[in-house]
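Peer 1: need a structure here:
(chains A, B, C, D, E and F)
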Number of protein chains: 6
Amino acid sequence: MVVKIVYINPVGTDAFDKPMKEFLDQYKSPDTIIEVASLKSGPWHTEYYSYDALVIPDVLRVIREYENKGSDAAIIGCFYDPGLHEAREISDMVITAPAESAMHIASTLGDRFSIIVGRRKWIPLMMQNVVKYGFESKLVSFESVELGVWDFHKDIEETKRRLIRAAKNAVDKGAEVIILGCTVLFGFFKDLEKEVGVPVVDPIIASLKYAEFLVELKKMIGWSWSRIGMYEKPPKDEIEKWKLF
Amino acid sequence: MVVKIVYINPVGTDAFDKPMKEFLDQYKSPDTIIEVASLKSGPWHTEYYSYDALVIPDVLRVIREYENKGSDAAIIGCFYDPGLHEAREISDMVITAPAESAMHIASTLGDRFSIIVGRRKWIPLMMQNVVKYGFESKLVSFESVELGVWDFHKDIEETKRRLIRAAKNAVDKGAEVIILGCTVLFGFFKDLEKEVGVPVVDPIIASLKYAEFLVELKKMIGWSWSRIGMYEKPPKDEIEKWKLF
Amino acid sequence: MVVKIVYINPVGTDAFDKPMKEFLDQYKSPDTIIEVASLKSGPWHTEYYSYDALVIPDVLRVIREYENKGSDAAIIGCFYDPGLHEAREISDMVITAPAESAMHIASTLGDRFSIIVGRRKWIPLMMQNVVKYGFESKLVSFESVELGVWDFHKDIEETKRRLIRAAKNAVDKGAEVIILGCTVLFGFFKDLEKEVGVPVVDPIIASLKYAEFLVELKKMIGWSWSRIGMYEKPPKDEIEKWKLF
Amino acid sequence: MVVKIVYINPVGTDAFDKPMKEFLDQYKSPDTIIEVASLKSGPWHTEYYSYDALVIPDVLRVIREYENKGSDAAIIGCFYDPGLHEAREISDMVITAPAESAMHIASTLGDRFSIIVGRRKWIPLMMQNVVKYGFESKLVSFESVELGVWDFHKDIEETKRRLIRAAKNAVDKGAEVIILGCTVLFGFFKDLEKEVGVPVVDPIIASLKYAEFLVELKKMIGWSWSRIGMYEKPPKDEIEKWKLF
Amino acid sequence: MVVKIVYINPVGTDAFDKPMKEFLDQYKSPDTIIEVASLKSGPWHTEYYSYDALVIPDVLRVIREYENKGSDAAIIGCFYDPGLHEAREISDMVITAPAESAMHIASTLGDRFSIIVGRRKWIPLMMQNVVKYGFESKLVSFESVELGVWDFHKDIEETKRRLIRAAKNAVDKGAEVIILGCTVLFGFFKDLEKEVGVPVVDPIIASLKYAEFLVELKKMIGWSWSRIGMYEKPPKDEIEKWKLF
Amino acid sequence: MVVKIVYINPVGTDAFDKPMKEFLDQYKSPDTIIEVASLKSGPWHTEYYSYDALVIPDVLRVIREYENKGSDAAIIGCFYDPGLHEAREISDMVITAPAESAMHIASTLGDRFSIIVGRRKWIPLMMQNVVKYGFESKLVSFESVELGVWDFHKDIEETKRRLIRAAKNAVDKGAEVIILGCTVLFGFFKDLEKEVGVPVVDPIIASLKYAEFLVELKKMIGWSWSRIGMYEKPPKDEIEKWKLF
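Peer 2: Okay, the predicted model is just below:
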């Protein structure tokens, strides 16, 4: 039973598409086929909340496009989870995103977790998501390494040093699991686990595995978005009349 | 000291522009000049979360436009407060929105409040805002009258009857103040106050008066958005390079 | 890649072993092999908290036995999740239980959920688990049908009627997803979904699928219990010296 | 439209009356007329909770006196907000106090705030107010400079140094806005803003501007205290019969 | 070891002094000697928050008087617990009050409790105390019988009927223990327990037994108010200089 | 009126029985007779959650045995409070345990408390109890001295040094009262109080005095476990039929 999943980099560059596909292919289930997409235009990162808001309409359009092409799931590849609830509202595909997926996993593997972020700027919006998803009592702390998205891969050793220091701080404060709070931190988790000795959740693997899990729930049991409130779908005629997507 | 405020209807119709301007003009301070704007295209209401997400980029563009024209404040006229934080991030104007403004006022006038909404659908996103703004312990309940945005003015008497019933339910549950949870419910508050005997906060008046209040704080004392985290501004060169607005 | 999972009925009767195995076999992944075990002695249900405490040592012994036999995962088949954290402490297998699994799934499928229980008696302990797992803000209500574990299958139609009424009450209060809060309610979810129109999470399917998901995370990525705090393992020499299991 | 506001120093000394009037006059709206009053006897500061309780009856009497003289609003000038709810219960004037006013403003200007206090002693009662007003999730920390009310102006430079250090600590912990948690810290906010780079809310300006804001809401829209619960007024005949004020 | 306890009716009438003494004498420990005091003037009830504030200074004076006379403990006999923290600040005696005492007991006897009050008016202030004492998660509901303090004994049978109805409502909502939320409801608990079948905590017995308990902790073990923050005592010289009590 | 209380060391060694009895005898009421019991087999400490689960059935059996012998109360002598709710479910005796008792006392003596534990490992389970009993808002922190149960008495001076350091850290963070979070720390409280200057609650004294208090409530007033939910008793015939204890 083939499962087709599109991983969307919600930025106006395809720079991450190839390395992320190669990385994800190592962790996918045998039946999964992964495509990676990005946006035709728009900001090259979404650290600012306004950038994040700007890309959501395009993310929704990409999702509708892949749904029409027969995909089973879409992953919105940014730790702000931009458009996650909106996408589920308009799509019958499985939709996942890194923050939600990582928190479900992390809260199962130990008592409480910390999230390592790039910059202080990111924390308020991510904290809103922690609360929105219901994981407030599971969060120990955010730890910032004060590096922007495009800094992470400039000096890999320096990034690692900062990640290790941040993770150790978190563990000292009570964290039993670490979440990497940026998709561009993909691949750092293995080294960090060795250094710190606790599970480190890679956000893009988390979003992939959670997508596969939800696809299985949908195909085998029929469990999908509740259509009674938050995910009530908009009427088709409105979408057409107002040319919304 | 003239204060110029733009009230934005974040929908692709100007149907509400004139009546809302007339209504707001009754409650503005003498020095305030109100303009009302709407979007050139887009959904005619934003009940769906995806519609809400679709209009935010245009709302941000309108705000930048009015900032360049010398406005002092912008009001985002939808009770989901779409783009409120994003707008503050990119603009030095005062930005308000109905839900945040109404909750500050309501929580001052009595112990706790309820919010009357059109449809059940709206509640999860509005609840996220209640929590985001920090008013969770002040909320008694959401009460739904099960009418869509465009139904409110179809049968005014029926709408009133439902609002009164909802408000009385809320008061029975402990609410001491009522908030009308949709901008299109503007103007109903007076009758409701007479019937129910508690303050009823009209959301668009609330957003206007809160905007005037914040403009005064900014002009007289210099208090404006903290630029250290949530409202840290994006760099101009990125905005230009990626043609973001 | 074969996955061996033992589903443990933590009661002193094997009455449910066969029907539960047959039921679970319909929903397992192709590679999963399910065994069902129960206890040699002990109470025939665990509605009382003291009964629940009495069975935990035997549950832990069964888990150690199956770990020695090469199982990949164990499911503790009672909605109180008896011994879940204790089992993870002493075992390197994947361990799941219905309440934790069902809440992760339900909180993903919609905004908030309600749990239908047999008797009022059950609620305080289950509420402790809701809080312990961090899902307090996702819970709308517990709804009791006032039937004991052994009553559910006496008059199937009466049970269904009560479940439907309870589920509709929950939906009226704001629930978008329903969780069946007893493993012996296995199999009722399909009819309920048809009647109520929202996803209904069957607790034993949930625990099975969540176990398969965690086994995949462990085998493919290496993510397993954090051994730094809550799940720090006891020293082997103590276990032997004091003959603990 | 003239607005008459009385600022009450709830202490048995008029030492602060003149400097506070001069300070407030710089920030008032053109139409506002400010009077400053203090008590005829009583403690010279209210750092102790029992002192605070002792002054409340006199504060209520002063408020009734100014209401009879035609004032529009009264400000209770102590960051414990002594008698705020009691005063609203018995008076139809607008009543504000520094803590409540400052928190409404601070929570609008940024994500979360910290409150700088004089002594550790003050924190539990102020924390009760933070919770009572519903701002718990907006509070990062209290920071104590370990100076009593009468120490603040003894060595201005030392006070500034401690305030700056406290504010920087708060910002490091996540605060985006600083509130000065004592009315006698009036006037320090400008220097602090320059040093720390975030908005610093002066508590007496906050209480003045919030009073003007509420007077405008009352006069133009008719919004005032809900009389259905917390602010239900006592019957006049009881007040006379028992000679209460 | 004789224990001298003064029970203070914080009202300007001694109407309750005799019956309350007779009632308390039935439940005191053999070594306890109870005196009952009331105020020389002031309101005859404290239903209004301003009345409550008015009596606190006199309550503090009575407490200092009895401390000087060698009492071991004082009970502040109103379910608003007026002046409880202030009294502990200035006194080394044991101080208790009905709400705090009743909640400690009720939260031990069952999972969660409800509080029956006279009028809706009372709830916001009592809710503040529930939160202040840390019992928010133990509270199911307030139930109002809509009778004032002086109505309770007018028609005893009607009062009982309303109390029973309120208690049954509370039990239906999940309460396992009932607290009577007014000292003037003393003596009703026995009948209510018979009718409703759950423990009903009489607030004045609760305050008496908790006082005896704390006196024992103080005399035998030396545990008394922590003097480091909330209960840091004011300096004697200030009290004398400003003639505070 | 003689009160018979059994203090149970829930471990498979009687090493603590004699010193604990001698210690408790110093703090008991004159009418109290204390017996100390331990288990015939089982782990010598219960630091691991699985050990804790293993001893609960035996604790319940000891409690039934002493109830049959006419005891008035049983104390479960471990700060995890193992089996506390289960014991109350099956027994009409008063049952207390150190954590619950200590938190009631500590939250009365000051604003908030910290709990000093032996090892980080203990914190998640103890935190669950803090939340379960409703004292989350009263907790400042857990402080770990990183010593196991059997280390505390190896080097008394080192233990004291670590306890003092931990207590001072807690006070710096805002704690006004300290709780010793292990029964084997009995007797250290006096020295600690001298060094740190705040009340230090000894957990086994706390559990003894709270037991005496509850026995008095039961004997004089009739208040005991609510039998309607959490403490609803299991039917006798089931217990016999399944030979449960």
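Peer 1: contacts, neighbours, all on C-alpha from now
Peer 2: Noted.
Peer 1: List the residues that contact the closest residue to residue A:71 other than its chain neighbours.
Peer 2: The spatially closest residue to residue A:71, leaving aside those adjacent along the chain, is residue A:4, at 5.0 Å (C-alpha to C-alpha, 6 or more residues apart in numbering or on different chains). When the contact criterion is C-alpha atoms under 8 Å, 6 or more residues apart in numbering or on different chains, the partners of residue A:4 are A:32-35, A:70-73.
Peer 1: Could you measure from the residue at minimal distance from the centre of chain A over to residue A:146?
Peer 2: For chain A, the residue sitting closest to the mean C-alpha position, by C-alpha atoms, centre = their mean, is residue A:98 at 2.0 Å. In this view, residue A:98 and residue A:146 are 20 Å apart by C-alpha to C-alpha, to the nearest Å.
Peer 1: Could you confirm whether whatever helix or strand residue A:108 lives in reaches chain C?
Peer 2: Counting by DSSP states H and E, the element that carries residue A:108 is helix A:98-109. Yes: using C-alpha under 8 Å from any C-alpha of the partner chain, helix A:98-109 comes into contact with chain C via A:104, A:107, A:109.
Peer 1: could I get that helix in PDB with only the CA atoms?
Peer 2: As requested, the backbone C-alpha atoms of helix A:98-109 are provided in PDB (Å, rounded to 0.1, in the frame of the first residue of the first chain):
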ATOM      1  CA  PRO A  98       7.000  19.500  12.900                       C
ATOM      2  CA  ALA A  99       6.100  21.200  16.200                       C
ATOM      3  CA  GLU A 100       2.800  19.200  16.800                       C
ATOM      4  CA  SER A 101       4.400  15.900  15.800                       C
ATOM      5  CA  ALA A 102       7.500  16.400  17.800                       C
ATOM      6  CA  MET A 103       5.600  17.300  21.000                       C
ATOM      7  CA  HIS A 104       3.400  14.200  20.800                       C
ATOM      8  CA  ILE A 105       6.500  12.000  20.500                       C
ATOM      9  CA  ALA A 106       8.600  13.800  23.100                       C
ATOM     10  CA  SER A 107       5.800  13.800  25.700                       C
ATOM     11  CA  THR A 108       5.600  10.100  25.300                       C
ATOM     12  CA  LEU A 109       9.300   9.300  25.600                       C
END
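Peer 1: Tell me the most packed of the residues of helix A:98-109 next to chain C, by neighbour count.
Peer 2: Counting neighbours by other C-alpha atoms under 10 Å in any protein chain shown, the top entry in these is residue A:109, with 25 neighbours.
Peer 1: That one contacts residue C:225, doesn't it?
Peer 2: Yes: here residue A:109 reaches residue C:225: they are 4.7 Å apart, a contact under C-alpha atoms under 8 Å.
Peer 1: Give the residues shared as contacts by the two.
Peer 2: Residues within reach of residue A:109 and of residue C:225 at once, by C-alpha under 8 Å, 6+ apart, are residue A:199.
Peer 1: count of residues packed around residue A:157?
Peer 2: As a measure of burial, residue A:157 has 11 neighbours, counting by other C-alpha under 10 Å.
Peer 1: buried set for the host helix or strand of it?
Peer 2: Under the assignment given by DSSP H and E, the secondary-structure element containing residue A:157 is helix A:156-173. Within helix A:156-173, the residues that qualify as buried are A:159-160, A:162-168, A:170-171, counting by 16 or more other C-alpha atoms under 10 Å in any protein chain shown.
Peer 1: max-length helix in chain A?
Peer 2: helix A:49-68 (DSSP state H).
Peer 1: So is it next to chain D?
Peer 2: No: using C-alpha under 8 Å from any C-alpha, we find that helix A:49-68 stays clear of chain D, coming within 13.1 Å at best.
Peer 1: Following that helix in sequence, what is the next regular element?
Peer 2: strand A:73-76.
Peer 1: ok, that following strand: who's next to it in the sheet?
Peer 2: strand A:3-9 (parallel), strand A:94-96 (parallel) (DSSP bridges).
Peer 1: quick one: is stretch A:13-27 near chain C?
Peer 2: Yes: in this structure, stretch A:13-27 sits against chain C according to C-alpha under 8 Å from any C-alpha; the contacting residues are residue A:27.
Peer 1: Quick one: end-to-end length of that stretch, please.
Peer 2: So stretch A:13-27: terminal residues 24 Å apart, C-alpha to C-alpha.
Peer 1: interface residues of chain A facing chain F?
Peer 2: residue A:111.
Peer 1: Nearest to chain D: which residue in chain A?
Peer 2: Of all residues in chain A, residue A:124 sits closest to chain D, at 6.7 Å by C-alpha to the nearest C-alpha.
Peer 1: which secondary structure element contains that residue?
Peer 2: According to DSSP H and E, residue A:124 maps onto helix A:123-133.
Peer 1: which parts of the very next helix or strand once past that helix are buried?
Peer 2: Once helix A:123-133 ends, the next helix or strand along the chain (criterion: DSSP H and E) is strand A:139-144. Judged by neighbour count (16+ other C-alpha under 10 Å), strand A:139-144 contains these buried residues: A:139-144.
Peer 1: residues making contact with the helix holding residue A:157?
Peer 2: Where contact means C-alpha under 8 Å, 6+ apart, the residues beyond helix A:156-173 that reach it are A:114, A:116, A:140-145, A:152-153, A:177-178, A:188, A:192, A:195-196.
Peer 1: now do stretch A:232-245
Peer 2: Residues outside stretch A:232-245 that contact it (C-alpha under 8 Å, 6+ apart) are A:57, A:60-61, A:89-90, A:226-227, B:41-44, B:48, B:51, B:54, B:121.
Peer 1: Model confidence at the residue in chain A that chain E sits nearest to, what's the number?
Peer 2: Each residue of chain A has a distance to chain E, by C-alpha to the nearest C-alpha, and the smallest belongs to residue A:137, at 14.6 Å. The confidence metric pLDDT takes the value 97 at residue A:137.
Peer 1: Over to the one 3 residues further on?
Peer 2: Per-residue pLDDT puts residue A:140 at 98.
Peer 1: I'd like to check which residues are in contact with it.
Peer 2: Listed by C-alpha under 8 Å, 6+ apart, the contact set of residue A:140 reads A:112-114, A:170, A:173-175.
Peer 1: Any figure for the gap between it and residue A:113?
Peer 2: Relative to residue A:113, residue A:140 is positioned 6 Å away (criterion: C-alpha to C-alpha).
Peer 1: what do you get for residue A:106?
Peer 2: Distance of residue A:106 to residue A:113, computed by C-alpha to C-alpha: 6 Å.
Peer 1: the more surrounded of those two?
Peer 2: Neighbours were counted for residue A:106 and for residue A:113 using other C-alpha under 10 Å; residue A:113 has more, 30 against 27.
Peer 1: Tell me the residues on chain A that lie near chain D, please.
Peer 2: On the criterion C-alpha under 8 Å from any C-alpha, chain D has as its neighbours in chain A the residues residue A:124.
Peer 1: picking that back up, identify, from the buried residues of helix A:156-173, the entry nearest to chain F.
Peer 2: Ranking those by separation from chain F, with C-alpha to the nearest C-alpha as the measure, puts residue A:171 on top at 10.8 Å.
Peer 1: pLDDT wise, what is the closest one at?
Peer 2: The predicted local distance difference test score for residue A:171 is 98.
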